[in-house]
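Trainee: Turn this into a model:
(one chain, ligands or ions: 2)
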Amino acid sequence: MRVLVTGGAGYIGSHTVLQLLQEGLQVSVIDNFSNSSPESLRRVVGIAGQNLDAYQIDLLDTSRLTQAVCEIKPDAVIHFAGLKAVGESVSQPLKYYKNNVVGTLNLLEAMDEAECRTIVFSSSATVYGDSTDLPLRENTPRNATNPYGRTKLHIEEMLEELAASDSRWRIANLRYFNPVGAHESGLIGEDPQGIPNNLMPFVAQVAIGKRTEVQVFGGDYSTADGTGVRDYIHVLDLAAGHLAALDYLSNAQGVHVWNLGSGAGSSVLEVIDAFARISGRSVPYQITDRRPGDVAESYAHPEKARLDLGWKAERGLEQMVEDMWRWQSKNPDGFPEVAMEFLHQDELALFISGNQKLPSTD
Ligand code: NAD
Ligand code: UD1
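Mentor: Residues are numbered from 1 along each chain as shown. Ligands and ions are numbered 1, 2, ... in the order given. Alright, predicted model coming up:
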């Protein structure tokens with residue numbers, strides 16, 4: 001079976017590509033590397049010892065995209081490619097609608113042309129907006145509160161309409177809660193550009209000494225310690241959810257929606273505490289104003305994924321922080337500038353061989 005992974009060089013994509021290769025599946029990646037580096041893929045094939053081919057293509061480039069998807073002839077697509085910064089989506093909404101919504105539309109058309117109609121889509125718990133009806137269930141009404149969230153909502157609706165119009169489509173909308181952590185080798189992980197928007201990478205950069213202190217956005221929420229509570233999920237558990245969804249779709253047409261979360265919440269102070277303890281570093285923080293648009297608490301009702309997919313989050317907060325810290329301390333500046341010469345390139349594809357020399361894991 002050949003799986004096309006869009007955005008496969010990114011944070012969640014690279015961990016998922018690794019698991020697909022480890023399961024013996026053939027993998028092709030399409031990525032424009034706008035928020036990632038081919039170095040992540042080089043490391044993935046090194047860990048797996050399996051080859052993959054990667055295409056440096058933008059989903060907005062319809063002719064190269066269609067040519068590549070028809071050349072790859074995938075049996076299924078896992079679609080991660082998208083922009084994800086909430087603040088940027090507020091200041092540049094059209095960039096988000098174009099990249100995420102139009103990009104997905106182009107991908108679906110290319111898939112149709114290539115006769116591939118199975119897709120696993122990266123949706124987000126952001127589609128529950130500011131709902132306070134906890135835990136969040138798949139049938140909790142959707143309500144996006146910013147352009148990024150609205151792109152996810154529009155894409156979910158587009159996929160529902162597509163499946164209603166043509167029963168050959170098999171679609172999974174996976175609503176991720178808060179992905180964190182890294183592969184246990186410390187070779188791949190999240191590599192945010194500039195100042196991290198999300199809590200865990202920010203805390204990691206404070207622990208390593210790149211930033212001075214964490215700003216805790218609000219200490220007066222009606223939670224146990226007054227700080228925001230989120231459902232953190234290890235990226236390897238998340239990746240496993242994609243393989244389970246693919247498996248499910250092999251026997252199921254139509255659209256299926258699953259929350260991928262642990263069902264439990266951790267507060268900002270619990271995260272900071274765990275990081276300080278596990279890293280042995282000090283993590284100074286200061287409680288400041290609430291971040292506009294934040295909710296006090298968000299966590300999943302994870303039962304549907306357990307019942308349908310036999311999937312549940314296995315790794316707890318300690319493991320998430322331990323793995324995140326290993327990645328951060330081995331790669332304080334993220335992935336290095338990539339040496340493209342390790343790639344053999346023809347007109348469209350880059351072939352990355354499983355025989356890659358990896359950085360030391362000591
Ligand atoms: P990421 O930025 O690390 O990965 C996205 C990848 O897509 C990058 O490699 C980027 O270069 C690529 N890309 C973006 N636009 C593209 C385009 N037009 N053409 C080709 N490639 C393009 O992000 P991630 O954290 O791995 O997230 C993956 C997906 O999951 C995204 O769709 C994101 O919205 C969704 N998601 C992420 C989170 C999270 O907190 N990380 C939570 C919920 C949902
Ligand atoms: C963010 C996104 C959301 C996305 C989700 C999962 C925003 C506004 N929302 O939400 O769309 O689906 O990630 O990736 O970006 N915090 C601090 N200090 C910081 C950063 C965060 O105190 O420097 C707090 C927040 O107030 C929140 C918690 O930490 O209580 C987690 O924040 P974050 O990692 O940004 O995730 P979400 O707010 O859940």
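Trainee: Which element, helix or strand, includes the closest residue to Y97 other than its chain neighbours?
Mentor: Spatially, and ignoring its direct neighbours in sequence, Y97 is nearest to T151 (6.1 Å; C-beta to C-beta, 6 or more residues apart in numbering). C-beta coordinates here come from the backbone N, C-alpha and C atoms, glycine included. Using DSSP states H and E, T151 sits in helix 147-165.
Trainee: Can I get that helix as CSV, trimmed to CA atoms?
Mentor: What follows is helix 147-165, C-alpha atoms only, in CSV (Å, rounded to 0.1, in the frame of the first residue of the first chain):
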residue,chain,number,x,y,z
PRO,A,147,-9.8,32.3,10.6
TYR,A,148,-7.5,29.4,11.3
GLY,A,149,-10.3,27.5,13.0
ARG,A,150,-12.7,28.5,10.3
THR,A,151,-10.5,27.0,7.6
LYS,A,152,-10.7,23.6,9.5
LEU,A,153,-14.4,23.9,9.8
HIS,A,154,-14.8,24.8,6.1
ILE,A,155,-12.6,21.9,5.1
GLU,A,156,-14.6,19.5,7.3
GLU,A,157,-17.8,20.7,5.6
MET,A,158,-16.3,20.5,2.1
LEU,A,159,-15.3,16.9,2.9
GLU,A,160,-18.8,16.1,4.2
GLU,A,161,-20.4,17.5,1.0
LEU,A,162,-18.0,15.6,-1.2
ALA,A,163,-18.7,12.3,0.5
ALA,A,164,-22.5,13.0,0.3
SER,A,165,-22.1,13.6,-3.5
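Trainee: Any chance you could list what contacts that helix?
Mentor: 82-86, 89-90, 93, 96-97, 100-101, 104-105, 108, 119, 121, 123-124, 126-127, 129, 142, 144, 169, 171, 173, 253-255, 257 (C-beta atoms under 8 Å, 6 or more residues apart in numbering).
Trainee: Keep only these that also lie close to ligand 2.
Mentor: 86, 124, 126 (C-beta under 6 Å from any ligand atom).
Trainee: and these near ligand 1, which?
Mentor: S124.
Trainee: can you tell if the next helix-or-strand element following the helix holding T151 touches ligand 1?
Mentor: As assigned by DSSP H and E, the chain's next helix or strand after helix 147-165 is strand 170-176. Yes. Shown here: strand 170-176 in contact with ligand 1 (C-beta under 6 Å from any ligand atom) through Y176.
Trainee: Would you mind putting the CA coordinates of strand 170-176 into PDB?
Mentor: Coordinates of each C-alpha in strand 170-176 appear next as PDB, following Å, rounded to 0.1, in the frame of the first residue of the first chain:
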ATOM      1  CA  ARG A 170     -13.600   7.400   2.400                       C
ATOM      2  CA  ILE A 171     -12.800  10.300   4.800                       C
ATOM      3  CA  ALA A 172     -11.500  10.600   8.300                       C
ATOM      4  CA  ASN A 173     -11.600  14.000  10.100                       C
ATOM      5  CA  LEU A 174      -9.200  13.700  13.000                       C
ATOM      6  CA  ARG A 175      -9.600  16.400  15.600                       C
ATOM      7  CA  TYR A 176      -6.300  16.700  17.500                       C
END
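Trainee: In the protein, what residue lies closest to ligand 1?
Mentor: G10 (2.0 Å; C-beta to the nearest ligand atom).
Trainee: State the distance from that residue to ligand 2.
Mentor: 13 Å (C-beta to the nearest ligand atom, to the nearest Å).
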